[in-house]
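> Quick one: sequence and predicted model below, then my questions.
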Amino acid sequence: MKWPRIIGQEHAKDLLNAAIKRRRVAHAYCIWGPSGVGKDALAIEFARVLNCIEPIETPTSIEACDRCRSCLQMSHLQHPHVQLVFSLPAVKAPSDDDSPLLRLSDDQIALIQEQLALKARNPYHDITIPNATQIRIAAIRDVRRALQLAAPVEHGWRVVIVSEADAMTIEAANAFLKTLEEPHARTTLVLTTSRREQLPPTILSRCQQIHCGFLSEEEIAAALVERNGIAADRARIIAVLAQGSYARALELAASGDNDDAIAQLPLDFLRAALKQGRYRTELVALVEHIAATLDRQNVALMLRTLLAWLHDAYRLCTFGSQAQPHLIFQQGQSYTALERFVVHYRGANLRAAIAATESAIAAIEANAQVPLALISLVLRLRSAILQTHVPTPS
């Protein structure tokens, strides 16, 4: 398997592998696609293979040996030929000629070093630094100085990786464009971005474009089992909720929640929505609690969990026991709730319930007011399930 550190992305790996094998490495690349799918990981592996002293070459691929001095340096992201550029905190009265690290506090430097160590261990790690939202011109000028003053490369390549390049300010982007217009021997510039449309066309036109798509549920689940030792049943649920992002899957895995804990809040919400009689007070309290304690991303995650559970209910209602091997929630209280639901709400319009949940997720991701979106969902769920279900015979 080519570049086993990289999950999926076979087409992207093939393109970069071929460039190395044919000695046709481009001056600049833009690796783009959704968040958490391995764009930085791919760029780092590209730099690793380019600089490996004893690469392992087969008829179809070229791999880093993981033993030479260069590979050991890359394993700590401390290679002299590889520079990683990312957003840094703003500083007071910065000078555009200063190195971007000079005016940071000792605590900020320590945090950056910690984040880089995490990135070295796990290239899917998203570098997170408080108040770091932009790549400023000082960082790009630092890159230009390093390239201009660097001695010629005798082995390997100089690789500059600009992570989430769309975070460059206008001034930084203009300075980077000048760097693109002045190619250096055995040097390649790699931009990664989840928002390609926010990069200037003048920069994009000078880069070879490489797209990374969403990962499949199977790819994510297999990686969670093999790399993180997560049980297959739990990995399957996390993979569904991760929505094609391995980085998001790792966040969910790190929460430590089991299958029942993951489904608890969505099922509480559904129970409150379907409660007979005086349900409004309890429901409004739950909606207010959700809106107050969860950010928008986690509200959407809660609804995606509910959506997965409703899909399971539809499968179980349609195919009966034959659906069990194909369910996402196959055991525990979540599965028991499924069995009770399909018995109690026979004839419920689950397709309408699923469509309502999908609409609510889309509304929340489009910045609709969370309480309003949840209340609207409740009304549609009650219409789809309560007004169509056949009461269970007593």
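Sure, I can see it.
> Mind splitting the protein into its structural domains?
10-213, 216-256, 261-386 (automatic domain parsing).
> Turn those into JSON lines, including distance to residue 2, mean neighbour count and mean pLDDT.
(Glycine included, C-beta is placed from N, CA and C.) JSON lines is the format used below for the domains of the chain (distance: least, C-beta to C-beta, whole Å; neighbours: other C-beta atoms under 10 Å; pLDDT from 0 to 100):
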{"stretch": "domain 10-213", "distance to residue 2": "4", "mean neighbour count": "17", "mean pLDDT": "89"}
{"stretch": "domain 216-256", "distance to residue 2": "14", "mean neighbour count": "18", "mean pLDDT": "87"}
{"stretch": "domain 261-386", "distance to residue 2": "30", "mean neighbour count": "17", "mean pLDDT": "85"}
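> Take these and lay them out in TSV including distance to residue 3.
Converted to TSV, the domains of the chain look like this (distance: least, C-beta to C-beta, whole Å):
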stretch	distance to residue 3
domain 10-213	5
domain 216-256	13
domain 261-386	30
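> would residue 160 count as being in a strand?
Yes. With the criterion set as DSSP: H, G, I helix; E, B strand; the rest coil, the secondary structure at residue 160 is a strand.
> That one reaches residue 189, doesn't it?
Yes. In this structure residue 160 lies within contact range of residue 189 using C-beta atoms under 8 Å: 4.9 Å.
> Please enumerate the strands of the stretch 101-250 of the chain.
Counting by DSSP state E, counting those that start in this stretch, one finds strands in the stretch 101-250 of the chain at the ranges 158-162, 187-193, 208-211.
> One more: the stretch 251-394 of the chain?
With DSSP E, counting those that start in this stretch as the criterion, the stretch 251-394 of the chain has no strands whatsoever.
> In TSV, list the strands of the stretch 101-250 of the chain along with distance to residue 69.
What follows is the strands of the stretch 101-250 of the chain, written out as TSV (distance: least, C-beta to C-beta, whole Å):
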stretch	distance to residue 69
strand 158-162	16
strand 187-193	20
strand 208-211	28
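> Which of the ones you listed sits closest to residue 300?
Taking C-beta to C-beta, strand 187-193 is the member of the strands of the stretch 101-250 of the chain nearest to residue 300, at 22.1 Å.
> Give the partner strands of that closest one in its sheet and their orientations.
The pairing partners recorded for strand 187-193 under DSSP bridges are strand 28-32 (parallel), strand 158-162 (parallel).
> Now render the ones you listed as a markdown table, adding distance to residue 275.
As requested, those are arranged in a markdown table below (distance: least, C-beta to C-beta, whole Å):
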| stretch | distance to residue 275 |
| --- | --- |
| strand 28-32 | 46 |
| strand 158-162 | 52 |
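> what's the closest of those to residue 283?
Distances from residue 283 to each of the strands paired with strand 187-193 were compared using C-beta to C-beta; the minimum, 41.9 Å, belongs to strand 28-32.
> what about dumping the CA coordinates of that closest one to CSV?
Output in CSV follows, covering the C-alpha atoms of strand 28-32 (Å, rounded to 0.1, in the frame of the first residue of the first chain):
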residue,chain,number,x,y,z
ALA,A,28,4.1,24.5,-6.3
TYR,A,29,1.1,22.5,-5.2
CYS,A,30,-2.3,23.3,-3.8
ILE,A,31,-3.7,20.4,-1.9
TRP,A,32,-7.4,21.2,-1.2
